[in-house]
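J.: here are the coordinates; sequence isn't available:
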C-alpha cells in the first residue's frame, strides 16, 4: 500500500497561509510516501514568489515531484519567458518533472505547459508530440505489474462538457495512456477537486484533480487529495480545513473553460505572436 498527498495551485503571492501550515502539519505527522504537486506554484512567477514556494516545498522532508503550471511562466518579462522560463525555480530544480518509483507504484510526469501557442489563451494546456513521447517512454520502462500514475498541470480533456480545446493533444494523450494501462492522471489548474472516468478508444482512464491551497478558490474551500494506492485500486479522500465530505468537494465535470477565478487586477492571457514552443524544463 502506498500513500500519496496530491496538492496543486499553491499560488505563492496569493497563498492561503493557514491551509499551507495545516498541510505541512499533515505531512509532518502522517509521513506520506510522497507529495505530488501539479503546478502553479506562484501567482506571477516573480522571484520572491518562487523563493517562498521553493523554501516551503524544500522543507516538506518527504519525496516530492513538481509539475510547472501556466502561472509559473514569467508574465511581465517576455525575454525571460521565451529564453529562461524556469530560471527562478532552480531552488527545487531536481524536483521538477521528477519520476518517482515507490514500491510497485511509479509516478511519471507529463508536460502540459508551453511558453506560447497558436491561440489567444496561452494559459490552457498543450501536450506536444515530444512531451507525450517522453512520458510514454518512461512508462514503457516500468516492470509489469507496476501501478502507473501520470502527473500534469492541466486536465487533459473536458468530462461531461462539450470540448473547447481545453488541452491541445489531450485526447490523443489520454488514449495513449489508456493503452498502456495507466491507473490515473493527476492534475490541477481548475481549483476544484474531481474524480472522473473518461472513456477513450483504448479504454477508460481515471482523471483525478486536486483543489487549491491558495486564496483563489472557485467553488470549494482549500484542500488536498489523500490517495491510498493498493494494487490497481486508488482510494481518494479530499481533505480540507472545513471538514466538507469528499463527495461534496468533488465537481462532477471539468468546466468547459477550465479556468479558476481571476484575481483582481490579473491580466488576461497574452495574444500569441510567435510559433509554438515546447521548451525543456531546465
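T.: Happy to help now that I have it. Being a predicted model, the structure only gives us computed values, none of them experimental. Residues are numbered from 1 along each chain as shown.
J.: Just the terminal-to-terminal distance for stretch 138-155.
T.: This stretch, stretch 138-155, spans 20 Å end to end (Cα to Cα, to the nearest Å).
J.: For that stretch, what does the pLDDT average out to?
T.: The average pLDDT for stretch 138-155 rounds to 96.
J.: Give me the distance between that stretch and the centre of its chain.
T.: Between the mean C-alpha location of stretch 138-155 and the chain-wide mean there is a distance of 14 Å, by Cα atoms, centre = their mean, to the nearest Å.
J.: just stretch 13-24 next, same as before
T.: On Cα atoms, centre = their mean, the centre of stretch 13-24 falls 17 Å from the chain's centre.
J.: So which bits of it are buried?
T.: Using 16 or more other Cβ atoms under 10 Å as the burial criterion, the residues of stretch 13-24 that qualify are 13-16, 19-20, 22-23. Every residue, glycine included, has its C-beta placed from N, CA and C.
J.: Tell me the one among the residues you listed nearest to residue 257.
T.: residue 14 (20.0 Å; Cβ to Cβ).
J.: isn't the closest one right next to residue 213, touching?
T.: No. Using Cβ atoms under 8 Å as the test, residue 14 is too far from residue 213 to be in contact (10.8 Å).
J.: still on that earlier bit, can you pick out the most distant pair from the buried residues of stretch 13-24?
T.: The span of the buried residues of stretch 13-24, defined through Cβ to Cβ, is set by 13 and 22 at 19.2 Å.
J.: Where does pLDDT dip in the stretch 101-250 of the chain?
T.: For the stretch 101-250 of the chain, the stretches with pLDDT under 70 are 114-122, 159-165.
J.: try 90 this time
T.: For the stretch 101-250 of the chain, the stretches with pLDDT under 90 are 103, 113-126, 157-169, 231-232.
J.: List phi and psi for residue 228.
T.: When quoted as degrees, to the nearest 10, the phi and psi of residue 228 stand at phi -110, psi 120.
J.: Would you mind measuring from it to residue 148?
T.: According to Cβ to Cβ, to the nearest Å, residue 228 and residue 148 sit 16 Å apart.
J.: So between these two, which is more surrounded?
T.: Looking at residue 228 and residue 148 with other Cβ atoms under 10 Å, you find the greater number of neighbours at residue 148, namely 20 against 14.
J.: just checking, what packs against the helix or strand containing the more buried one?
T.: Following DSSP states H and E, the helix or strand that holds residue 148 is strand 147-151. In terms of contacts (3 or more Cβ pairs under 8 Å, 6 or more residues apart in numbering; DSSP states H and E), strand 147-151 is packed against strand 34-38, strand 105-109, helix 129-140, strand 184-187.
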